[in-house]
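# return atomic coordinates for the entry below.
(chains A, B and C)
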Amino acid sequence: MFAALATGTAHAQVSVMLPANPGGGWDGTGRQAMQAMIDAGIYTGGVNFTNTGGAGGTIGLAEFQNAQTGKADALAIFGAITVGAIDMNKSPIVLADFRPIARLTTEYDVIAVKADSPYQTLADFVAALKADPGAVAVGGGSAGGVDQIALALLAQAGGVDVHALNYIPQASGAETVTGIINGTLAAGFSGVSEFTQFAEQGRIRILGITAAERQASVDVPTFKEAGFDVEIGNWRGVLGSPDMPEDNYQTWVENFKKLNDSDQWHKVLETQGWAQNYLGGAEFGTFIADETTRIGTVLKDAGLVE
Amino acid sequence: MQSFELLLQGFSVALQPTNLMWALLGSVLGTAIGVLPGIGPALTIALLLPVTISVAPTSAFIMFAGVLYGAMYGGSTTSILINTPGEAGSMMTALEGNKMARAGRGAAALATAAIGSFVAGTIATILLTFAAPFIAEIAFYFKPADYFALIILAFTSVAVVMGTSRVRGFIALFLGLGLGVVGIDKMTGAARLTFGVSGLFDGIHLTVVLVSLFAVGEILYVASRYRPGVGDVITLKGQAWMTKEDWKRSWKPWLRGTALGFPMGALPAGGSEIPTMLSYTLEKKLSKHSEQFGHGAIEGVAGPEAANNAAAAGMLVPLLTLGLPTSATAAVLLAAFQNYGLQPGPFLFTSNPELIWGLIASLYIGNVMLLVLNLPLVGIWVKLLLIPRPQLYAGILVFAMIGIWGLSGQVIDLIVMVTIGIVGYVMRVYDFPIAPVLIGLILGPMAEVQLRTALAAAQGNPLVLASTPLSAIMLTIAVLFLLVPFVLKRLKANA
Amino acid sequence: MSNNPETSLPQTGTGDGARAAPRPWWLGLCVIALGCVCLYGTSTLAQGARYAGIGPGLFVTIAGGGLVILGVMLLVQIARGEQFEAQDAEDATGDEKANPVALGTALVAVILPIFTMNPLGLPITAMLSFTLVARAFASRKPLLDLVYGAVLGSAAWFLFTRLGLQLGGFLPFAGF
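Now for the predicted structure:
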């Protein structure tokens, strides 16, 4: 592992931009994916990681674009949060300028209420939201993130004025849980992994999940089953440098496809509790374009972006 | 009683030779890295995180326990000897500890810090063992209004207590508040006071401010007023160990610091800043030697150091029982758990008792180890002061630079370092207190989030801020803090 | 932090000695100016929000407004002859007059990394800053200081890079 950490090695072949600080989710995704790729023998060269955190990955991606455009072997990790962050921070980055390589994982969002909350189903909650949006304070991650977008989409699907929502961003998933339990928040959104253990303890009740189908990890109805056509996840993926030569691009798309099928990667997914959700090459490019349009529209409707 | 049996089992794990070795390694690494200005326990553990890939979980966490306490010890060493706290929790230690070192009482300051840390760490670990589930439960009932009131109380007490002038104390506090709002507002996504500089979007990092104000400001100030020969007067001869008098003045602050630190560290958003500060204030109020505060009062080292260590143990309560990180260090530890696919929480106590109780047992062992390791080293650390002044200050700047550059490798941080360093210089020349700046920077954003959450949840009704008994009481005390001195003055003038 | 608490009492007229106490008006003005910068920064921020009643601008306004008010209070104190006693620090006492050359040299050492860290790398930057600070503290062995600085900078670079800290290349201009 020190081989991967050592910077400035004479023959580093691939530079990987991790647009987050060490220790976070994107940092882990990038490092573990490359490590698994090396362990599986898919890739044999050296890896040179750069961490440039900040503003939902936009700072790191901007630096990546400046330094690596046209370079043969330069990759960047990013995710769903980046899409919203570009709009929110008026960042000049255009995701379509980068080469789409692969989406690797997706964590779905869940909505939870206090264990003794009057809302038994998602429909109950949306009905309350419709009656008086201001009285239903909902917590979750920072402004413009997946949690807020999930709430906005749910509200839209239920015919609630998105602009009237009382969404209160919290510093962490743990604080959202605390807020739900002590009654400050009527409900909260967060990734599945952050809420399940509190639900198993019987402190909170999960009403629904934003996945397309029921998940094995949490046996709750999807938003679609409950009658709200909403599907969204906190996905993470890999981009290639803008204008990456075609040969190198194809190689990296192929490398990540192989990684996705490797036992080493499956083991990482299992220990980290990440949900595999692969999409490669051009299809991933289409997906990014769709997400950009969809999230951009929601942010406008919610009044977060002019 | 069940806890006791499990704890014994934990000891049988932690006392295995390989695990003892990891504890020792952690303690040494933690102390060594913690001695560097600006590198506190959070950064140290973050640096060692990659190790978790190659070491068994139990061993890794036993090592981290050593790192945690070791880094806190190392932090107090730099605070006392070179007036550069490595993290917010040892800021208060620098106030009195450095004055003591300058007066030839560095060894006594280091000793009271070490023994106080040991006493507090041990008591807090015992509390952690037996009271963890109970305390963590209470934390759920603290509402945003309670946190907000607690922070307001901290603001008023710090600005009033620190320094010679109330106006200058508040100016320092508001400078900190101003620095704290820089960056993207997490609640709306609006960029505040960034003036278009993307490097400022994530705000000004605490480490940058801490290192700039303390290390850089100090270097500039001392350089401008340095006369060769003046500083070389400090010799080891006067560096006496703790006297009987010192012991007598230390033991109560140790216990009081523990009593403050542990429960507050266990609260979400508790951290070590508020308890160390309250401990300092409390000791100043209670001390028979309050006139010595600001000139090297041993109580001012003993209390906050104990509070700091007790808070570190307290922080493990919500982390282990609920998976709730309450400080930067706890967040990094949580990441370490997740590296193994472990989610801390009540289930971990049943599914992985060997790990949890091995970790708790190694906290006791690490504490003893650090005391044994560090008390004899006190003499060596104090010898740092014998390095010729030019090279000592030059070395401090190099480490300050590394601490800041290593954070994110952004030039903007170096520019901020120069700017805040100059502010630190001016503040020293015109006798402004430094600590309120950091309190404002750390607690300002917390106050803001809690205030906005409380108000938004109540749909803008300001009465919510005093709606709980705790918040009402604390806000009343805060107002009294501000008004009582004025009233007293009036009464005196009229009498 | 504090030295003589008794000097904090506002004193009237000139200082205690024969010479009049200096009146650092600029200090109050700087505090007001900082407050104005904060207030200027709020011009693009919403003060209110739908439910909380307070938006992203409010805390900035409080910080800025507070600084302006406190700056005015400081000016009033200065007008009344408030004393500012420089803090005692190790190796220096507040009574000394500032030595502009030493201060300037130390300041250069602190500013230098802004320009050298990226092109020259940490070890060389550390070497130069080390020597300059030592010079500011009247060290008369610049060559030896260069060696100390280079050794300290390189050793620290190796240690912390090995531990995973990103400190850039050893000698970026040479390509590694």
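# so is stretch A:144-158 next to chain B?
Yes: among the residues of stretch A:144-158, A:Gly144 lie within reach of chain B under Cβ under 8 Å from any Cβ of the partner chain. Placement of C-beta: from N, CA and C, glycine included.
# residue ranges with poor pLDDT in the stretch 101-250 of chain B?
Low-confidence segments of the stretch 101-250 of chain B (pLDDT under 70): B:132-139, B:158-164, B:228-240.
# can you list the residues of it near chain A?
Counting by Cβ under 8 Å from any Cβ, the stretch 101-250 of chain B sits next to chain A at B:139-144, B:184-189, B:191, B:198-199, B:201-202.
# out of these, which are inside strands?
B:184, B:191 (DSSP state E).
# show the buried residues in the residues of the stretch 101-250 of chain B next to chain A.
B:139-140, B:142-144, B:184-189, B:191, B:198-199, B:201-202 (16 or more other Cβ atoms under 10 Å in any protein chain shown).
# tell me, how many residues neighbour residue 261?
You didn't say which chain, so I picked chain A. 11 (other Cβ atoms under 10 Å in any protein chain shown).
# please go with chain B instead
Residues contacting B:Gly261 under the criterion other Cβ under 10 Å number 35.
# one more: B:Gln459?
A count of nearby residues for B:Gln459, using other Cβ under 10 Å, gives 16.
# for it, give me its contacts.
The neighbours of B:Gln459, taking Cβ atoms under 8 Å, 6 or more residues apart in numbering or on different chains as the test, are A:134-135, A:166, C:51.
# do B:Ile123 as well
B:255, B:258, B:262, B:310.
# which of the three states applies to the first one?
With DSSP: H, G, I helix; E, B strand; the rest coil as the basis, the three-state label of B:Leu255 is helix.
# what's the per-residue pLDDT of it here?
Here, the pLDDT recorded for B:Leu255 equals 88.
# domain parsing for chain C?
Using automatic domain parsing, the domain parsing of chain C gives C:24-79, C:100-174.
# got the buried residues for stretch B:96-104?
Buried residues in stretch B:96-104 (16+ other Cβ under 10 Å): B:96-104.
# so B:Leu128 lies in a strand, does it not?
No: B:Leu128 is assigned helix when assessed by three-state DSSP, not a strand.
# what helix or strand is whichever residue of the stretch 201-306 of chain A sits closest to chain C on?
The stretch 201-306 of chain A approaches chain C most closely through A:Gly303 (8.7 Å), counting by Cβ to the nearest Cβ. Using DSSP states H and E, A:Gly303 sits in no helix or strand.
# can you give me the neighbour number for it?
Count around A:Gly303 with other Cβ under 10 Å applied: 14.
# who are the contact partners of it?
Applying Cβ under 8 Å, 6+ apart, the residues near A:Gly303 are A:162-163.
# adding distance to B:Ser12 and mean pLDDT, write the domains of chain C out as CSV.
Below are these laid out as CSV (distance: least, Cβ to Cβ, whole Å; pLDDT from 0 to 100):
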stretch, distance to B:Ser12, mean pLDDT
domain C:24-79, 52, 87
domain C:100-174, 32, 88
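# output the ones you listed as JSON lines; include the columns distance to chain A and mean neighbour count.
Listed next are the domains of chain C as JSON lines, based on distance: least, Cβ to the nearest Cβ, whole Å; neighbours: other Cβ atoms under 10 Å in any protein chain shown:
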{"stretch": "domain C:24-79", "distance to chain A": "5", "mean neighbour count": "19"}
{"stretch": "domain C:100-174", "distance to chain A": "5", "mean neighbour count": "20"}
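# want to throw those domains into JSON lines with distance to A:Trp235?
Output for those, formatted as JSON lines (distance: least, Cβ to Cβ, whole Å):
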{"stretch": "domain C:24-79", "distance to A:Trp235": "28"}
{"stretch": "domain C:100-174", "distance to A:Trp235": "27"}
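# which one of those domains lies nearest to B:Leu29?
Shortest distance between B:Leu29 and these, using Cβ to Cβ, is found for domain C:100-174: 9.0 Å.
# what about A:Leu239, is that helix, strand or coil?
Looking at A:Leu239 with three-state DSSP, the answer is strand.
# farthest-separated two in the contacts of B:Ile123?
Checking those with Cβ to Cβ, the most distant pair is B:Leu255 and B:Phe262, at 11.0 Å.
# quick one, which of these two is more surrounded?
B:Phe262 (30 against 18).
# which residues does the more buried one contact?
B:120, B:123-124, B:127-128, B:310-311, B:313-314.
# go with 10 Å
For B:Phe262, the contact set (Cβ atoms under 10 Å, 6 or more residues apart in numbering or on different chains) comprises B:120, B:123-128, B:131, B:135, B:270, B:275, B:306-307, B:309-315, B:317.
# any of those residues buried? List them.
Buried among these by 16+ other Cβ under 10 Å: B:120, B:123-128, B:135, B:270, B:275, B:306-307, B:309-315, B:317.
# among those residues, which ones are in helices?
B:120, B:123-128, B:135, B:275, B:306-307, B:309-315, B:317 (DSSP state H).
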